[in-house]
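Asker: Sharing a model that was predicted from the sequence below.
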Amino acid sequence: MNLKARSWLSSVAIACAFALAACGGGGGDTGGGGGGAANLNISTAGEQLQFAPAALTATAGQQVKVTFKNGSTALQHNWVLAKGGDDVASKIDEAGAAAGASKGYIPDDKANIVSNTKLLNGGETDSATFTAPPAGTYTFLCTFPGHFPAGMKGTLTIK
Ligand code: CU
């Protein structure tokens, strides 16, 4: 585990210490222990360069599983959660394009990424599992070149 991951984990722990209600069990909307797990499903708006839904919600410290189904027939897409807003997403988009198709447009340096699925062909499904970051608004995007600039993005709100 590298230093960034350590500081990430300790900031999650600190967030939990200050938000016992969020992390201490109860209040999870999908049940389960330890604050509950969130199982979120997302797809695309058919062949359009849009996620559906474009807004997701979870609770800080919660275990989150995002299952992304590429709802198009021909286009490739992925789902990538940025550690920040559109400015961070834009950096990931550039780095993803530079990484290229062989990497599924996912950069090797994941410093700006909370979690991501692999690049999916039409009709395929993959999931991303992660601990919800501290409260805030996080942009998710598709890093297939041209898709994020065309509006293939959305927001995960962490309460
Ligand atoms: Cu896409």
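Answerer: That came in fine, so what should we check first?
Asker: check contacts around the residue nearest in space to the middle of the chain.
Answerer: The C-alpha lying nearest the average C-alpha coordinate of the chain belongs to residue 81 (Cα atoms, centre = their mean; 2.9 Å). The neighbourhood of residue 81, defined by Cβ atoms under 8 Å, 6 or more residues apart in numbering, consists of 66, 113-116, 128, 130, 138-140, 156. Just so you know, the C-beta spots here come from the backbone N, C-alpha and C atoms, and that holds for glycine as well.
Asker: Okay, and the beta partners of it?
Answerer: Legend: beta-bridge partners of residue 81 under DSSP bridges are residue 115, residue 140.
Asker: pLDDT below threshold where in this structure?
Answerer: Residues of the chain meeting the criterion pLDDT under 70: 1-35.
Asker: in it, which spans are strands?
Answerer: For the chain, strands defined by DSSP state E occupy the ranges 37-44, 51-52, 55-58, 63-69, 80-82, 113-116, 125-131, 136-141, 153-158.
Asker: Flag every residue of the protein that's near the ion.
Answerer: By Cβ under 5 Å from the ion, the residues of the chain that approach the ion are 77, 142, 144, 147, 152.
Asker: just to revisit the earlier point, okay, the strands of the chain, which one's buried deepest?
Answerer: Each of these was given a mean neighbour count from mean count of other Cβ atoms under 10 Å, and the largest, a mean of 26, is that of strand 80-82.
Asker: Now for the nearest residue in space to residue 96 that is not next to it in sequence: which residues touch it?
Answerer: Counting by Cβ to Cβ, 6 or more residues apart in numbering, residue 143 is the residue found nearest to residue 96 once chain neighbours are left out, at 3.2 Å. Residue 143 is in contact with 78, 80, 92-93, 96-97, 105-106, counting by Cβ under 8 Å, 6+ apart.
Asker: Quick check: residue 36 vs the ion, distance?
Answerer: Counting by Cβ to the ion, to the nearest Å, the gap between residue 36 and the ion amounts to 30 Å.
Asker: and the closest residue to residue 97 other than its chain neighbours, how many neighbours?
Answerer: With Cβ to Cβ, 6+ apart as the criterion, residue 97 has its nearest non-adjacent residue at 4.6 Å, and that residue is residue 145. Around residue 145 there are 15 other residues, counting by other Cβ atoms under 10 Å.
Asker: which residues touch residue 145?
Answerer: When contacts are counted by Cβ under 8 Å, 6+ apart, residue 145 touches 96-97, 105.
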